[in-house]
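J.: task: produce atomic coordinates for the following.
(one chain, ligands or ions: 1)
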Amino acid sequence: MKYDPRGENNTSGADSGVTGSQLAGPLGRRRRVGDRMMIPTEDETLHWLITDDGSRTLIDDAVDQSYHSASGAIAESLHVYLRNSQALRRLGNGQPTRLLEVGFGTGTNMILTAAMARARSTPLEYVGLDQRWLPPSLLSQLDWGQATDKALAMHPELAADLPPHFPLEVARVQEQFLRHWSAGWSHSVAENRRELGVRPGLPAAATALLAGDSLPEASSVVSLHIPVSHRVQVTVLRMDVATLGASRNLPSELFDGIYFDPFSPDKNPDVWTTDVLRAMRRLVTSTGRLTSYCVRRTVRDALRDVGFSPQCVPGPPGGKRQVLLAIPTIGLLP
Ligand SMILES: C[S@@+](CC[C@H](N)C(=O)[O-])C[C@H]1O[C@@H](n2cnc3c(N)ncnc32)[C@H](O)[C@@H]1O
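T.: Predicted coordinates for the structure are as follows:
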């Protein structure tokens, strides 16, 4: 049986799957789960899974969840996040774009997005939120340039609208990312701890999010700024996304797209609340989009309650049958 943490093989669109207990096996050794290979990491609760398009994703045994679809990490990222959010189209057309990611994880969605912006010289401000920072030694085991090349060869339809040298751009962005991520881990984390949340040189979207009393716990937010190029700016905030639900002063219409990618509602119930989704509605522009892998009915109902019009749209090649696209309902800014 295939490991199916995001419910790709479940035609009802629910997010059930094989549980971690079915993955149990000796730590420290490679093993197969069905026809997929699992590789141990330095952290015994994390394993690499070789997904069906050849790219890797992490399995977090503590929550029995994968960071990306086991059917293809790159395929999911390109389809569910870059394409469905229209980030791909905007960046391809040279439209300056601001994106928010909930659940930054391995940085895969960011790296692919920043590579597209770099390839087209389009201004991009990307803000990623996560409460856990993965160690650079782990992330340096990824080779996204090669993995992207392989995934695009397997699913040529994903290459539509991508420049021919896209995998090369991906490799360049990953290199930049790792350089800053390592520096951030070794000494900048404490330095970046802020009282007020505003620092000279921080891109406008990140500054607006951190300024004043937007975030209830701004004083405990740690940020890392990654200048991928002079037009492509990435800021990662280490924070609990659930706290956004309590914020009363979030800036409105800050982002053109939101990649909503926490673990499933069963594992991260505090992130899929109506309050957090209301915060998302406030942060996205009226013409923006929120995308996710999760199409659960309760999530769609909550999205509708806070002023989104949620739809189930076709999933990535070889992956989940349906994924989520939520468009703001006109005139319903909470
Ligand atoms: C599915 S993974 C994200 C994968 C990621 N988008 C990528 O490209 O690798 C889910 C992420 O959500 C994060 N997360 C879970 N609960 C959170 C919370 N309350 N606040 C912030 N991040 C959270 C986890 O630490 C994890 O990195």
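J.: flag every buried residue along the lengthiest strand in the chain.
T.: For the chain, the strand with the greatest residue count under DSSP state E is strand 284-292. Of the residues in strand 284-292, those scored as buried under the neighbour-count criterion (16 or more other CB atoms under 10 Å) are 284, 288-292. Where you see a C-beta, it was placed from the backbone N, CA and C, and this is true even at glycine.
J.: how about residues contacting it?
T.: With CB atoms under 8 Å, 6 or more residues apart in numbering as the contact definition, strand 284-292 has outside contacts at 80-81, 84-86, 100, 253-261, 280, 299, 303, 308, 323-328, 330, 333.
J.: what is the subsequent helix or strand relative to the helix or strand of the chain with the lowest mean pLDDT?
T.: Of all regular secondary-structure elements in the chain, judged by mean pLDDT, DSSP states H and E, the least confident is helix 189-192 with a mean of 43. With elements assigned by DSSP states H and E, the helix or strand that comes after helix 189-192 is helix 204-210.
J.: next SSE after that following helix?
T.: strand 222-227.
J.: please point out which parts of the helix or strand hosting D301 sit buried.
T.: With elements taken from DSSP H and E, the one containing D301 is helix 297-305. Applying a neighbour-count criterion of 16+ other CB under 10 Å, one finds 299-300, 302-303 buried in helix 297-305.
J.: would you point out the most distant pair within the residues you listed?
T.: Within the buried residues of helix 297-305, two members stand farthest from each other by CB to CB: R300 and A302, at 7.4 Å.
J.: what residues are bridge-paired with Q233?
T.: For Q233, the beta-bridge assignment (DSSP bridges) gives partners E125, P227.
J.: my read: it touches E125, true?
T.: Yes: applying CB atoms under 8 Å as the test, Q233 and E125 come out as touching, 5.3 Å apart.
J.: spell out which parts of the protein neighbour the ligand.
T.: By CB under 6 Å from any ligand atom, the residues of the chain that approach the ligand are 67, 103-106, 108-109, 129-132, 240-242, 261-263, 268, 270-271.
J.: any idea of the pLDDT on the residue lying closest to S182 once chain neighbours are set aside?
T.: Leaving aside its chain neighbours, S182 sits nearest to P136 (4.2 Å; criterion: CB to CB, 6 or more residues apart in numbering). The predicted local distance difference test score for P136 is 90.
J.: ok, F260 next?
T.: 98.
J.: could you pull out the strands for the stretch 51-200 of the chain?
T.: Counting by DSSP state E, counting those that start in this stretch, the segments of the stretch 51-200 of the chain that form strands are 56-60, 65-66, 97-102, 124-130.
J.: listing partners with orientation, what would you give for the third one?
T.: Each strand pairing with strand 97-102, determined using DSSP bridges, is listed with its direction: strand 124-130 (parallel), strand 255-260 (parallel).
J.: point out where this structure drops to low pLDDT.
T.: Of all residues in the chain, those with pLDDT under 70 make up the ranges 1-33, 184-202, 211-214, 216-222, 331-334.
J.: show me where it has its helices.
T.: With DSSP state H applied, the chain shows helices at 73-76, 87-92, 108-120, 136-139, 144-154, 166-183, 189-192, 204-210, 274-283, 297-305, listed in chain order.
J.: now those helices in JSON lines, with distance to S247?
T.: Formatted as JSON lines, the entries for those read as follows, by distance: least, CB to CB, whole Å:
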{"stretch": "helix 73-76", "distance to S247": "29"}
{"stretch": "helix 87-92", "distance to S247": "24"}
{"stretch": "helix 108-120", "distance to S247": "23"}
{"stretch": "helix 136-139", "distance to S247": "29"}
{"stretch": "helix 144-154", "distance to S247": "33"}
{"stretch": "helix 166-183", "distance to S247": "27"}
{"stretch": "helix 189-192", "distance to S247": "20"}
{"stretch": "helix 204-210", "distance to S247": "10"}
{"stretch": "helix 274-283", "distance to S247": "6"}
{"stretch": "helix 297-305", "distance to S247": "17"}
